[in-house]
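Asks: fold the following, please.
(2 chains, ligands or ions: 2)
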Amino acid sequence: MYAYDEIDRTLVNERVSEFRDQVQRRLSGELTEDEFKMLRLQNGVYLQLHAYMFRVAIPYGTLASNQLRQLAHVARKYDRGYGHFTTRQNIQFNWIKLSDLPDALADLAEVGIHAMQTSGNNMRNVTSDQWAGVAPGEIEDPRIWSELIRQHTTLHPEFSFLPRKFKIAITASDHDRAAIKVHDIGLRLIKNEKGETGFEVLVGGGLGRTPFIGKTIKHFVHGRDLLSYIEAILRVYNQYGRRDNIYKARIKILVHELGIEKFSREVEEEWQHIRNSSLQIDDEVIEDIRSRFIYPAYEKLPHMPDELRQAAADPDFEAWRKNSVAAHKNPGYSIVTISLKPIGAPPGDATAEQMDALADLADKYSFGEIRVGHEQNLALPHVAKRDLPALWKALDKLGLATPNVNLITDIIACPGLDYCSLANARSIPIAQELTRRFANHELANLIGRLHINISGCINACGHHHVGHIGILGVEKNGEEVYQITIGGRADESAALGNLIGPGVKFDEVADVIEDIVEAYLALRERPEELFVDTVKRLGVEPFKERVYATR
Amino acid sequence: MTSPLQKKLKISDSSVVTANRTWDGVVVYRTAAKGWSADLADAAIVRNSDEAKALLAEAVADDVGAIGPYIAPVQIGEDGKILPGNLREQIRRDGVTIDLPV
Ligand code: HEM
Ligand code: SF4
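Replies: Ligands and ions are numbered 1, 2, ... in the order given. Next up is the predicted model:
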């Protein structure tokens, strides 16, 4: 956990009273919607189809149990008893009233949570690996650096009125769980030959209307230069970014138009002016942040306790353990992923009851800590192996032990036309139907790792471009039509998927996906060849044939 | 941002003006009595661009009442009942097409 200081608390509280005043002036008519809109967006308040939506930041995906309880409280008191975890370590409430928002924000502020920079053209929540600090083989906890950037950029005037929103993600593991290649800036924490900490810096990734995979702009930036280097990138962006055209305003377009060589020369030049300024980070600053991340007092526990050995006789437990439990840097402990993708339910939703119960389980089994990942699942980061069977029983009772993490039913989906005012088509019912089709866990296991991502419009909040199977909803003559891509991926080998052919209707989507999966099962060379690898080997053609031959 | 009044209007069918109520975000429809109602049945129906423009202008002026007003298509049933003109408007009237988790 990270311990915030007085400055943070004051800032968050001041922000709440400021917003309370703004809401009052809006409701009395003193502020028009045009004047108010930017103010509400700066506090995470959007307008959806049925109501306001309230987006709350979960910095680098780390939550304390008391914070999760407070989110449950907000869901219960001001919303309809549930919340929706997003792909950027945020939670959204879908039914909140503007008149209740100041109180909701004040309640969250009590536990150090806020909604600053969860929307608007500023630096958004800096995301990180949900296994940060516990993943085996990790170079260093990437949250230290996320926090450094958070402190530097929060409410920083230079980053509050950018041409467009700006998203940074950081990873420190070989396997990228933070999707750094589809962020405006992606940072991979590495060490140089001298053993010094620094970053490979990627720039210009992003999805939406014009998707790009981020490109490496510098192979090694020393940790002490991280802020000045990011600032140099942002200055070049601030100067040249297309403010005239919202569709061309993201940094990915600028990088693409200038070319990465020219862009990096501009950044380099800017950087030389500022790298030896006050932006250079002293070791003490990093040490101070590091000291505020408090790690649990792990016990020395057996790698294979009796409890685990006995529970192995239960096939249901084993199925869950093999699927949802991952190795921890401390061999007596595990990282447990909590699937928010039960069969037939909207991906990423959790009820207030589930959140409360999970907070209790975190207290009992995970030193009071919960993590939020970009796949719209949660995790308990420090579970003693001997506690796994008891935890599993408790999770199962709550409907939180579906053993489908990284499988075909672990679908990422945006809210789509059921909630979102920008949508062309629905996403959630498509996800629900697909989970029913592949509800059999043996079948899902046979298929193996397969990520389906669904977006209800070209903004790509469901990351459809980088889904192994991507589904994009469009509208054609007043009807919902879905374009299907295959071969995308969001990890360290990030790639954009390729369209398999003409769009298909709402009712046909699940059949088409079944066809694609059947084709894969027939075409793969061996059971270990993942769906994406088969697509890579064979291309789109055989899948296309299978899908359209009979249609 | 372009004001909704500056957007080109082409209305061939029956339409209403809809928005979200400012204080709670609930979907509302502009009524003939220069107010807002959460019930589509109370909506004022417009049938050509001039009528639509006039109703929209009035709605835009009531910025404290509701936000983001726009013209939405409706269908008039045989019994005279006002029905949403597309899926989006149907979802706005009836709520999500899925079961809520609670
Ligand atoms: C209903 C409320 C929402 C609205 C109005 C909204 C709007 C947008 C828009 C306009 C963009 C494109 C921005 C651009 O390319 O410049 C975008 C991107 C994005 N949204 Fe949303 N969104 C909503 C909900 C969500 C949810 C629920 C999630 C998570 C599940 C999400 C995750 C994202 C992500 C990750 C991107 C980035 C894609 C990229 O890299 O360009 N959004 N959103
Ligand atoms: S992808 Fe489109 S439909 Fe889905 S949440 Fe984003 S803006 Fe809405």
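
Asks: so the closest residue to ligand 1 within the stretch 301-450 of chain A versus chain B, what's the distance?
Replies: In the stretch 301-450 of chain A, the residue that lies nearest ligand 1 is A:Cys420 (3.6 Å; C-beta to the nearest ligand atom). Just so you know, the C-beta spots here come from the backbone N, C-alpha and C atoms, and that holds for glycine as well. Counting by C-beta to the nearest C-beta, to the nearest Å, the gap from A:Cys420 to chain B is 10 Å.

Asks: secondary structure element for that residue?
Replies: According to DSSP states H and E, A:Cys420 maps onto no helix or strand at all.

Asks: ok, the nearest residue to A:Gly478 once chain neighbours are set aside - contacts?
Replies: In this structure, A:Gly478 finds its nearest non-sequential neighbour in B:Asn86, 5.8 Å apart by C-beta to C-beta, 6 or more residues apart in numbering or on different chains. Taking C-beta atoms under 8 Å, 6 or more residues apart in numbering or on different chains, we find B:Asn86 in contact with A:478, B:72-73.

Asks: and the strands in chain B?
Replies: B:15-21, B:27-30, B:36-37, B:66-76, B:82-84 (DSSP state E).

Asks: can I get the longest one in PDB? Just the C-alpha atoms.
Replies: Presented in PDB, the C-alpha positions along strand B:66-76 are these (Å, rounded to 0.1, in the frame of the first residue of the first chain):
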ATOM      1  CA  ALA B  66     -32.000  19.700 -18.900                       C
ATOM      2  CA  ILE B  67     -28.700  19.300 -20.800                       C
ATOM      3  CA  GLY B  68     -27.700  18.100 -24.200                       C
ATOM      4  CA  PRO B  69     -31.100  18.500 -26.000                       C
ATOM      5  CA  TYR B  70     -31.400  17.100 -29.500                       C
ATOM      6  CA  ILE B  71     -34.000  16.000 -31.900                       C
ATOM      7  CA  ALA B  72     -34.900  12.300 -31.800                       C
ATOM      8  CA  PRO B  73     -37.000  10.300 -34.200                       C
ATOM      9  CA  VAL B  74     -40.200   8.700 -32.900                       C
ATOM     10  CA  GLN B  75     -42.900   6.500 -34.500                       C
ATOM     11  CA  ILE B  76     -46.600   7.100 -33.900                       C
END
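
Asks: anything in that strand near chain A?
Replies: Yes: counting by C-beta under 8 Å from any C-beta of the partner chain, chain A has neighbours in strand B:66-76: B:67-68.

Asks: same question, the last one
Replies: No: among the residues of strand B:82-84, none lie within reach of chain A under C-beta under 8 Å from any C-beta; the closest is 11.8 Å away.

Asks: how about that strand: buried residues?
Replies: Buried residues in strand B:82-84, counting neighbours by 16 or more other C-beta atoms under 10 Å in any protein chain shown, are found at B:82, B:84.

Asks: quick one: average pLDDT of the biggest helix by length in chain B?
Replies: In chain B, assigned by DSSP state H, the helix with the most residues is helix B:49-61. The pLDDT scores in helix B:49-61 average 95.

Asks: can you pull the phi/psi pair for A:Lys218?
Replies: The phi and psi values for A:Lys218, taken as degrees, to the nearest 10, are phi -150, psi 130.

Asks: confidence score at it?
Replies: If you check A:Lys218, the pLDDT there is 94.

Asks: thinking again about what came up before, to A:Leu63, which of the strands of chain B lies closest?
Replies: strand B:15-21 (30.5 Å; C-beta to C-beta).

Asks: make a markdown table out of the strands of chain B and add distance to ligand 2.
Replies: Formatted as a markdown table, the strands of chain B follow (distance: least, C-beta to the nearest ligand atom, whole Å):
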| stretch | distance to ligand 2 |
| --- | --- |
| strand B:15-21 | 16 |
| strand B:27-30 | 17 |
| strand B:36-37 | 25 |
| strand B:66-76 | 15 |
| strand B:82-84 | 19 |
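
Asks: sounds good, over and out.
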